[in-house]
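Q: Structure, please.
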Amino acid sequence: MPSKPSAYLRMRVLGAIEFAPGKTIQERIQNAAKNVFTDEEGKPYQFTWRTISTWLYRYKSRGITGVENKSRSDKGLCRKITPEELLEAINQVLPLFREKERYNKSDLYRACIEKGILRKEQIAWTTFYRFVRDYELLKDDVEHNKKRLAFAMQYANQLWQADTLYGPYTRDEKGKPVQTRLIAFIDDASRVLCHGQFFFNENVESLTTALKAAFYKRGVPEQLYVDNGSIYTCQEITLICARTGCILRHAPLRDGAAKGKIERFFRTVRLKFLNRQLDLSSLAVLNKQFSIWVEDEYNNVIHSSLGMKPLDRFGLDLSRIRFLPPDEVNDELFFTEDTRVVNKDNTFSFDASRYEAPVDLRAKTVTIRFDRHKRDRVIVYFKGERMGVSQVVNFVANAIKRNPDIERSCS
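A: Okay, the predicted model is just below:
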C-alpha cells in the first residue's frame, strides 16, 4: 500500500465527513475514520481520525493545495552539515589510511567519529555514505579532469581568498577541551595573510569578527572569493560586502583547487605552525602565538613564488589600496540588520526594550543595524538613508518635556 494517498482520495475522505453521523465535527471525523476508502486503482485504505483532522485543517487554511502530496524542499540534503564541512572532515582523517592498501567509507566514518571531528547525531552513517557517493568526495580524478589555468592578480587587494581550517583543541572558559576553527583571508597577488583568527565556533559572529579585523588591517579588497559553506553564503557577509563595495564570489562545489592559495597556506599552517609544541591552555594564547608566527615567519619571510617577502610585495601597491579607518561610522558597515515598524508614539521594540526613533518615523517600516556582540548602539535607516542613533525610551524625561509644570513642582 502506498505510504502517501493521492489528493483525489484525500478529497473523498473529506467529503465523507459531511455525511458521517454525529452532532459535532469531531464526532463526524471519528465516524468517517471507521470507513474503508478505495483509491483510483481500487486499493482499500483506512485512516485514523487524527490524519483526517490534519487534512481538514490544511484544506480549510490552504485549499486543495493543502492536501496535495508535496516533497520536502530540503529532501536529499543534510541540515546539520554541508558537503564542504564533510570534505574537510574526511581530509583530516585520510592521512591515517594512506599506508593501508584497502579501506572503505565505514572506516572513514568511524575515524571521524572517534577523533571527534564528526558526531553521530550530526550525520548518520547512511547520510555519510550518500554524501560521499553523490558529491564524489573520494574521487581524485574529478579535480584532475578539469581544465585549469594558473592565475595571479596583478595588484594587491584585487582578490582575497578565504576559507576555514579545523584547528587544535583548546580549553574554553569552563576548562572543557573544544576544537577550534581558523578563519583566514589571504591576498592573491602578494600572498599576504590579511588576517587569521581561531574561534571555538564557525558561525556568522566568528566570520564577521574576522572579516572586520581583516578589512581594518589590510584595506577593502575588490573581490572576496569563498566557498559555499553556510557562513560564507549568509545574509550578513553579503550585506557587508555590498556596503563596502567588495564583490563576493563563490567557488564551484567541491572545487578546492579554485582556492589554491588559501589551501596552500593551510598546508603551511599544518606543517610549520600546528606541528609545534603550542601552548593550548586558552583560545587567546593560541591566537597570540598564531599572530606572532604569521607576522614574523610567514608575511615577513621571502616567498618562493614571489622571490620577495609578502609584506614587501603588498607594499608596492599601497597607493591603490582603499583603507577603512576604524571609527564608529565604519563599524556600522559590519552590523547586522533587521526591520521594525515604528509605533504611533514613535517607538519600536528591540531586544526586550523600547527604543525611540531619532526622527519622526511614526507608522513607518525602518531598518535597524546593531552589533551582534554588544547591542549597545541601534542605528535607524529609512529608505537606505541613515536617520541616526536610536536611544532607549526615557519615560520620565518625556513626561517632563510634555508637562514642564511637573519639573517645577518637583523642584
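Q: ok, now how distant is the residue nearest the centre of the chain from Leu283?
A: Nearest residue to the geometric centre of the chain (C-alpha atoms, centre = their mean): Ile231, 2.7 Å. Separation of Ile231 from Leu283 (C-beta to C-beta, to the nearest Å): 18 Å. C-beta: built from backbone N, CA, C; applies to glycine.
Q: and the residue nearest to the centre of the chain, backbone torsions?
A: phi -70, psi -20 (degrees, to the nearest 10).
Q: Do I have it right that it meets Asn203?
A: Yes - if you go by C-beta atoms under 8 Å, Ile231 and Asn203 touch, sitting 6.2 Å apart.
Q: my read: Glu202 touches Thr180, true?
A: No - using C-beta under 8 Å as the test, Glu202 is too far from Thr180 to be in contact (9.5 Å).
Q: excluding its backbone neighbours, what's nearest Ser305?
A: Excluding its sequence neighbours, the residue lying closest to Ser305 (C-beta to C-beta, 6 or more residues apart in numbering) is Arg191, at 7.0 Å.
Q: Tell me how many other residues crowd that neighbour.
A: 24 (other C-beta atoms under 10 Å).
Q: And for the one 5 residues further on?
A: For Gly196, the tally of surrounding residues (other C-beta under 10 Å) stands at 25.
Q: how much space between it and Phe273?
A: Taking C-beta to C-beta, one finds Gly196 at 10 Å from Phe273.
Q: Have a look at the protein and report the helix or strand with the lowest mean pLDDT.
A: Using mean pLDDT, DSSP states H and E, the weakest-scoring helix or strand in the chain turns out to be helix 141-144, at a mean of 42.
Q: just the strands in the stretch 201-350 of the chain please.
A: Listed in chain order, the strands of the stretch 201-350 of the chain (DSSP state E, counting those that start in this stretch) span 223-226, 247-250, 336-341, 347-350.
Q: count of neighbours near Lys217?
A: What Lys217 shows, counting by other C-beta under 10 Å, is a neighbour count of 15.
Q: scratch that, His195 is what I was asking about
A: For His195, the count of nearby residues is 23 (other C-beta under 10 Å).
Q: With adjacent residues omitted, what lies nearest to Leu137?
A: Leu87 (5.2 Å).
Q: the domain parsing of the protein - what is it?
A: Annotated domains of the chain cover 7-67, 83-140, 160-320, 335-398 [automatic domain parsing].
Q: Just grab the bridge partners of Phe198 for me.
A: Beta bridges link Phe198 to Leu182 when assigned by DSSP bridges.
Q: which residues touch it?
A: By C-beta atoms under 8 Å, 6 or more residues apart in numbering, Phe198 lies in contact with 167, 170, 180-182, 283, 286-287, 290.
Q: residues touching the closest residue to Thr233 other than its chain neighbours, list them.
A: In space, and not counting its chain neighbours, Thr233 is closest to His250: 6.9 Å by C-beta to C-beta, 6+ apart. For His250, the contacting residues are 225-228, 232-233, by C-beta under 8 Å, 6+ apart.
Q: what do you get for Ser230?
A: Ser230 neighbours (C-beta under 8 Å, 6+ apart): Thr82.
Q: What does it show for phi and psi?
A: Main-chain torsions, Ser230, degrees, to the nearest 10: phi -60, psi -40.
Q: distance of the nearest residue to Asp279 once chain neighbours are set aside from Thr209?
A: Ranked by C-beta to C-beta, 6+ apart and with sequence neighbours excluded, the top spatial neighbour of Asp279 is Val285, at 5.1 Å. Val285 sits 18 Å away from Thr209, going by C-beta to C-beta.
Q: quick one, what contacts the residue nearest to the centre of the chain?
A: 164, 202-204, 206-207, 237.
Q: and what of Arg243?
A: Leu333.
Q: again with the one 5 residues further on
A: Taking C-beta under 8 Å, 6+ apart as the contact definition, Leu248 lies against 223-224, 226, 237-238, 241-242.
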